[in-house]
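*Asks:* would you be able to build a 3D model of this:
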Amino acid sequence: MVKIAPSILATNPLHVLEDLRQLEVVGVDLIHVDVIDGVFAPNFGYTPAFIKALASETSIPIDAHLMIVNPLKYVSVFAEAGAEYISVHVESLDASSARMLLNLSREQGFRCGFAIRPSTPEPSWLEDVLDKADFILPMSVEPGFSGQKFMRSVLPRFKWFSDIRRQNAYSYELEADGGVTQENAAELVGSGVDILVAGSSIFSSGDVKQAAEKLRSACGVYTV
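*Replies:* Here you go, the predicted model:
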């Protein structure tokens, strides 16, 4: 089953709990929370305190996307706050720090992911840690803001990671984040994606529950 992960960066902050209850009715699989420091990407996102408060209000797992510099300095704080999935950008890592991140994930019990900007080539060390990664997040927009248009140029990257997974019997999930809509959801699934992060297409729809349901329904109508 494809997992649906609404991104609450796109919601009205005054309506977070109301929207969360609607998403619980739908039975979404994750709540995607963008953590942005204003340095790595030109915006500001959520804090560990927010994630802790959110985790206290729901049993839906929290998926924290860390768009920050010096991620190893803070990743444990987000894990302790209640994030069950944590992705860190390859642009903020090297081979040594990537292995340190994986070790932390095993010690602290969170699922470890590697995110990558659309414009960033895959670093040489990334293939060496794919067997230990829990998920890979190739972004389909440049990080920072909700509401951007999906970059179709990223589709071959999803297929590439999917092919490597199949050829080597790896178990990591593939997560799509950026411009995900009902119109492209099934094509992403056809490219090997397991987790769909959707922000504006859910929270700007006027009916959060219906939009999340339609996104899930749209996942199975594409054939390759």
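*Asks:* any low-confidence regions in this structure?
*Replies:* 221-224 (pLDDT under 70).
*Asks:* okay, strands next: where are they in it?
*Replies:* Assigned by DSSP state E, the chain shows strands spanning 3-6, 31-36, 62-67, 83-89, 111-116, 135-138, 173-177, 195-198.
*Asks:* any chance of those in TSV, plus mean neighbour count and distance to residue 188?
*Replies:* The C-beta positions use only the backbone N, C-alpha and C, and glycine is treated the same way. Shown next, in TSV, are the strands of the chain (neighbours: other C-beta atoms under 10 Å; distance: least, C-beta to C-beta, whole Å):
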stretch	mean neighbour count	distance to residue 188
strand 3-6	26	12
strand 31-36	25	15
strand 62-67	26	16
strand 83-89	25	17
strand 111-116	22	16
strand 135-138	24	11
strand 173-177	24	5
strand 195-198	26	7
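*Asks:* can you lay out those strands as CSV showing distance to residue 126?
*Replies:* Formatted as CSV, the strands of the chain follow (distance: least, C-beta to C-beta, whole Å):
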stretch, distance to residue 126
strand 3-6, 22
strand 31-36, 21
strand 62-67, 17
strand 83-89, 11
strand 111-116, 6
strand 135-138, 8
strand 173-177, 14
strand 195-198, 18
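*Asks:* which one of the ones you listed lies closest to residue 156?
*Replies:* Nearest of those to residue 156, taken as C-beta to C-beta: strand 135-138 at 9.9 Å.
*Asks:* parallel or antiparallel, list what pairs with that closest one.
*Replies:* As defined by DSSP bridges, the strand partners of strand 135-138 come to strand 111-116 (parallel), strand 173-177 (parallel).
*Asks:* same list (those) but as a markdown table, adding distance to residue 40.
*Replies:* Shown next, in a markdown table, are the strands paired with strand 135-138 (distance: least, C-beta to C-beta, whole Å):
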| stretch | distance to residue 40 |
| --- | --- |
| strand 111-116 | 11 |
| strand 173-177 | 15 |
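*Asks:* of the ones you listed, which is nearest residue 11?
*Replies:* Of all those, strand 173-177 comes closest under C-beta to C-beta, at 15.5 Å.
*Asks:* now do that closest one: everything it contacts.
*Replies:* Contacts made with strand 173-177 from outside it, assessed by C-beta atoms under 8 Å, 6 or more residues apart in numbering, are listed as 3, 5, 7, 32, 63, 65, 87, 113, 115, 134-141, 158, 161-162, 165, 188, 192-197.
*Asks:* in the chain, which spans are helices?
*Replies:* 16-26, 48-57, 75-81, 95-108, 126-129, 155-168, 182-190, 200-203, 208-217 (DSSP state H).
*Asks:* distance between the ends of stretch 83-103?
*Replies:* Start and end residues of stretch 83-103 are separated by 16 Å (C-alpha to C-alpha, to the nearest Å).
*Asks:* make that stretch 113-125, sorry
*Replies:* 14 Å.
*Asks:* repeat that for stretch 15-33.
*Replies:* OK, stretch 15-33 end separation, C-alpha to C-alpha: 15 Å.
*Asks:* and stretch 34-50, by the same measure?
*Replies:* So stretch 34-50: terminal residues 11 Å apart, C-alpha to C-alpha.
*Asks:* now do that stretch: distance to the chain's middle.
*Replies:* Mean C-alpha position of stretch 34-50 versus that of the full chain (C-alpha atoms, centre = their mean, to the nearest Å) differs by 14 Å.
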